[in-house]
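Visitor: Curious how this folds, go ahead:
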Amino acid sequence: MDAVPQAASQTAASRAAPDTAARPAPELCVVVPTFNEAANVPILVERLRRALSGCDFEVIFVDDNSPDGTAAVARAIGETDARVRCIRRIGRRGLAGACLEGMLATEARYVAVMDADLQHDETRLAAMLEPLRTGSADLVVASRYLAGGAAPGLSKNRARASRWSNVLVQRLFGISITDPMSGNFMIRRDAFEPLAPALSSQGFKILLDLLATSSGSLRTVEVPTTFQERQHGESKLDLKIALDFASLVTAKLTNDAVSARFLLFCLVGLAGLAVHLAVLTAVVTLANLSFGTAQTVATVCAITWNFVLNNFFTYRDQRLTGWRFLTGLLRFLVICAIGAISNVGIATWIYSNQNVWWLAGLGGAVIGTVWNFVVSAAFVWRQR
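Guide: Numbers count the residues shown, from 1 in each chain. Sure, this is the predicted structure:
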């Protein structure tokens, strides 16, 4: 009499037990960095489902804490589709860094990167996957400029800038592919992993960084693609992107001896010099104050200007807000004051030994700048 209830109980228990069977990693992971792309996420997921219906894949959205709820949208889809994952980054920003985190978060054999704005053609992913499967390539790039490709989604100004930047990096780094500035590519994960530690988390063109860092060791294939017009949201292309591009090129040309972040820090310093001279002129001529007082006011204004710009551009992935912004400003003022003292001391020492004024001035400026950069990086923007 007890056999039937006991069997039923065992059946119910087996149904409730979690599935612990080992499952292999997906063959392909599509990494999609996002910021304010909530409207595009459901559309892209549905397009990927159709385009990759014959492939075991996952998609990882790496979201920089978008205020429009992009991460929540991605996670809601992931609740019913385990192929959809989301990494929500707090206090960190930047396209390259988001791509790196997503690419390092998967065990898939192949990893693709594409934008969330629907401008990249997801139907080309299958064609990009084939050379990797056959072992004939380590990296496959979706090219707008290969025969059969097109870029109707680029305005005239963006198309001109894209062409110019492509030609520039081709000549500077000896890159032979037609579209090294493409944001849509696919790579073998075992080829990417050794290069990852040398890649910059700053900037926006991780493909260019990969090509420059690998020094031609990656077997690269291109497939033509059509770069579509944006349907929702806003373009992220602005002055910061141009600065990132210049910084990345400089870093790679100097074999990372001059980091992208340090170059931005120096550019901000040049802007601060202009502010210093402008304020000094205004205070001396309009306020009729002594030179010493005017110099002090101009110095504080320039340092504050530099802090704001560095917080917005150079360290935007570690941007300080609220109370931390104020305490960071005070720290930066103290650090730069010590840097100014070091500048004068070093310059005086060099001049007393070499008696060459420009060399002494340059040496003091370099020491002061390096001091400000290193110490502020440690005590202003890396506070925890």
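Visitor: Quote the end-to-end distance of stretch 24-39.
Guide: 32 Å (C-alpha to C-alpha, to the nearest Å).
Visitor: Pull out the buried residues from it.
Guide: For stretch 24-39, burial by neighbour count (16 or more other C-beta atoms under 10 Å) applies to 26-39. Where you see a C-beta, it was placed from the backbone N, CA and C, and this is true even at glycine.
Visitor: Please apply the same query to stretch 344-351.
Guide: 346, 347, 350, 351.
Visitor: Would you convert these into TSV that also reports secondary structure, distance to residue 225 and pLDDT?
Guide: Shown next, in TSV, are the buried residues of stretch 344-351 (DSSP: H, G, I helix; E, B strand; the rest coil; distance: C-beta to C-beta, whole Å; pLDDT from 0 to 100):
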residue	secondary structure	distance to residue 225	pLDDT
346	helix	53	80
347	helix	54	74
350	helix	55	80
351	helix	59	76
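Visitor: Quick one, grab the pLDDT at the residue nearest to residue 47 when sequence neighbours are not counted.
Guide: Closest residue to residue 47 apart from its sequence neighbours, by C-beta to C-beta, 6 or more residues apart in numbering: residue 122 at 4.8 Å. Note for residue 122: predicted pLDDT of 95.
Visitor: For residue 31, grab phi and psi.
Guide: Main-chain torsions, residue 31, degrees, to the nearest 10: phi -100, psi 130.
Visitor: likewise residue 88?
Guide: phi -100, psi 120.
Visitor: So it versus residue 325, what's the distance?
Guide: Distance of residue 88 to residue 325, given as C-beta to C-beta, to the nearest Å: 22 Å.
Visitor: Let's test this: mean pLDDT of stretch 222-240, rounded?
Guide: Mean pLDDT, stretch 222-240: 72.
Visitor: did I read that right, residue 172 in a helix?
Guide: Yes. Checked against DSSP: H, G, I helix; E, B strand; the rest coil, residue 172 lies within a helix.
Visitor: ok so residue 376 is a helix residue?
Guide: Yes. Assessed with three-state DSSP, residue 376 lies in a helix.
Visitor: Would you confirm that it contacts residue 335?
Guide: Yes. If you go by C-beta atoms under 8 Å, residue 376 and residue 335 touch, sitting 5.2 Å apart.
Visitor: Residue 59 in helix, strand or coil?
Guide: Here residue 59 is strand, with the state taken from three-state DSSP.
Visitor: so how far is residue 43 from the spatially most central residue of the chain?
Guide: Nearest to the geometric centre of the chain sits residue 96, at 2.7 Å (C-alpha atoms, centre = their mean). Distance of residue 96 to residue 43, computed by C-beta to C-beta: 25 Å.
Visitor: And this structure, what are its domain boundaries?
Guide: 28-237, 260-379 (automatic domain parsing).
Visitor: Just checking the distance from the first one to the centre of its chain.
Guide: Taking C-alpha atoms, centre = their mean, to the nearest Å, one finds domain 28-237 lying 12 Å from the centre of the chain it belongs to.
Visitor: next one: the shortest one
Guide: Its chain's C-alpha centre lies 26 Å from the corresponding centre of domain 260-379 when counted by C-alpha atoms, centre = their mean.
Visitor: what about it, start to end distance?
Guide: End-to-end for domain 260-379, by C-alpha to C-alpha: 19 Å.
Visitor: Name the helix or strand of the protein that has the lowest mean pLDDT.
Guide: One helix or strand of the chain scores below all others by mean pLDDT, DSSP states H and E: helix 3-16, with a mean of 50.
Visitor: and residue 175, how many neighbours?
Guide: By the measure other C-beta atoms under 10 Å, the count of residues near residue 175 is 18.
Visitor: Determine the three-state secondary structure at it.
Guide: coil.
Visitor: Just confirm it contacts residue 165, I think it does.
Guide: No. Using C-beta under 8 Å, residue 175 is not in contact with residue 165; the gap is 11.7 Å.
Visitor: what do those two both touch?
Guide: None of the residues lies in contact with both residue 175 and residue 165 under the rule C-beta atoms under 8 Å, 6 or more residues apart in numbering.
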